[in-house]
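# Requesting a structural model of the entry that follows:
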Amino acid sequence: MCDTGINIAKFITNFGGAICLIIISILSLIIVKNKKIGVAINLNLAIQTVLNFVLKNILQRPRPIEYRIIDEVGYSFPSGHSMASMAFYGFIIYLIYKNVKNKYLKWFLITVLGILIASIGFSRIYLGVHYTSDVLAGFLLAIAYLMVYTSTIKKILNLENI
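Model prediction:
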């Protein structure tokens, strides 16, 4: 196994971890002019975190043990990093799609975030802490969740733009 590949995977996986997502979420409250959108970003992170925790504890699938590069605790299914990155960055993608007027900037940001989401999922498999099915389930559950969340949050916070 290539040390460079391992270091890159460890770096990328952090973008789907709690510390990074919490920092970005808190920064959104400070940076985003529309405070309702900042609240929506933070609420999204909180809800999807609880949802992932509940699902992991209901299903209780053990993590792979054959090929583990890093240590990870807790259950494997669905992948929390994959679910969190798809739900969190997916919501950011949705906000960018709805609010960024410059089409080149819009599609650049959407592409970068899409690659980041996929890379986080791949990193979890590469580091040996998830099965492919864990990652795919995390992505699919997050997409289904986002469909419900985006339609609901627009009504609750009276947001026309999102």
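
# Of all the residues in stretch 55-67, which ones are buried?
Across stretch 55-67, burial judged by 16 or more other Cβ atoms under 10 Å covers 55, 56, 63. All C-beta spots, glycine's among them, are computed from the backbone N, C-alpha and C.

# Hmm, residue 77 and the second one touching each other?
Yes: contact criterion Cβ atoms under 8 Å: residue 56 and residue 77 qualify, at 6.9 Å.

# which one among the buried residues of stretch 55-67 gets closest to residue 104?
Ranked by distance to residue 104 (Cβ to Cβ), those are led by residue 55 at 38.0 Å.

# Show me how far stretch 47-55 is from its chain's centre.
Remark: stretch 47-55 is offset 12 Å from the chain centroid, using Cα atoms, centre = their mean, to the nearest Å.

# next one: stretch 62-74
Centre-to-centre, stretch 62-74 and its host chain are 20 Å apart (Cα atoms, centre = their mean).

# who's in contact with it?
Residues from elsewhere that reach stretch 62-74, judged by Cβ atoms under 8 Å, 6 or more residues apart in numbering: 1, 6, 9-10, 56, 75-76, 80, 126-131.

# Flag every buried residue along the helix or strand residue 93 falls within.
Using DSSP states H and E, residue 93 maps to helix 80-99. In terms of neighbour count (16+ other Cβ under 10 Å), helix 80-99 has its buried residues at 80-96.

# Which pair of the contacts of stretch 62-74 spans the longest distance?
1 and 56 (27.1 Å).

# Count the neighbours of residue 28 for me.
Residue 28 has 20 neighbouring residues, counting by other Cβ atoms under 10 Å.

# Does it lie in a helix or a strand, and which?
Using DSSP H and E, residue 28 falls in helix 18-31.

# Run through the residues that contact residue 142.
48, 82, 83, 84, 85, 86, 87, 90.

# Which other helices and strands does the lowest-mean-pLDDT helix or strand in the chain contact?
When the helices and strands of the chain are scored by mean pLDDT, DSSP states H and E, helix 3-13 comes last with a mean of 89. Other elements packing on helix 3-13 under the criterion 3 or more Cβ pairs under 8 Å, 6 or more residues apart in numbering; DSSP states H and E are helix 103-126.
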